[in-house]
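**Student:** Need coordinates for the below:
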Amino acid sequence: MAEDHKQQGENHNVSGRSMVCALLAGMAVTAPLPGMMGFSFLATVTLLVISSPLLLIFSPFLLCVGLVFAGVLTGFTVATAMALASTLAWMYREIRGSLGAGYNVT
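**Tutor:** So this is what the prediction gives:
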């Protein structure tokens, strides 16, 4: 088994030209990445600097919007819980009625 692996390793000869081509291809693919990262960071910092005064000016309005959003989210959560509870209660009544454990009102 080890001899088979050794023989396979000896058959893979890579020329210097293909190594140089692989190196150039790798550099061509990865070289733009630091530039794109720098541009992304610069854009993020610029937008943060521009939007910071706007956040301070509109903070009372944003607080009210956040409170309304929290209230709406609470309402939807309560409505979902009530719907789930009524569905589970209906299922329980149906299962209990089919087993004959209770009485059916007709």
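
**Student:** So which elements touch the helix ranked longest in the chain?
**Tutor:** Longest helix of the chain, by residue count under DSSP state H: helix 59-99. On a contact count with 3 or more Cβ pairs under 8 Å, 6 or more residues apart in numbering; DSSP states H and E, helix 59-99 meets no helix or strand. C-beta: built from backbone N, CA, C; applies to glycine.

**Student:** any idea of the mean pLDDT in it?
**Tutor:** Over the span of helix 59-99, the pLDDT mean works out to 91.

**Student:** So for the helix or strand where residue 26 lies, what gets flagged as buried?
**Tutor:** Here residue 26, judged by DSSP states H and E, is contained in helix 16-30. The neighbour-count check on helix 16-30 (16 or more other Cβ atoms under 10 Å) flags nothing as buried.

**Student:** Keeping just the C-alphas, turn it into CSV.
**Tutor:** C-alpha atoms of helix 16-30 as CSV (Å, rounded to 0.1, in the frame of the first residue of the first chain):
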residue,chain,number,x,y,z
GLY,A,16,8.3,25.4,-13.3
ARG,A,17,6.2,27.2,-16.0
SER,A,18,2.9,25.7,-14.6
MET,A,19,3.9,26.8,-11.1
VAL,A,20,4.6,30.4,-12.3
CYS,A,21,1.2,30.4,-14.2
ALA,A,22,-0.6,29.1,-11.0
LEU,A,23,1.2,31.8,-8.9
LEU,A,24,0.2,34.6,-11.4
ALA,A,25,-3.4,33.3,-11.5
GLY,A,26,-3.6,33.2,-7.7
MET,A,27,-2.2,36.7,-7.5
ALA,A,28,-4.6,38.0,-10.1
VAL,A,29,-7.6,36.6,-8.2
THR,A,30,-6.6,37.7,-4.7
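
**Student:** Run a quick neighbour tally on residue 97.
**Tutor:** 13 (other Cβ atoms under 10 Å).

**Student:** What distance do you get for residue 27 to residue 38?
**Tutor:** Residue 27 is 18 Å from residue 38, where distance means Cβ to Cβ, to the nearest Å.

**Student:** Likewise for residue 14?
**Tutor:** 34 Å.

**Student:** do the same with residue 22
**Tutor:** In terms of Cβ to Cβ, residue 22 sits 26 Å off from residue 38.
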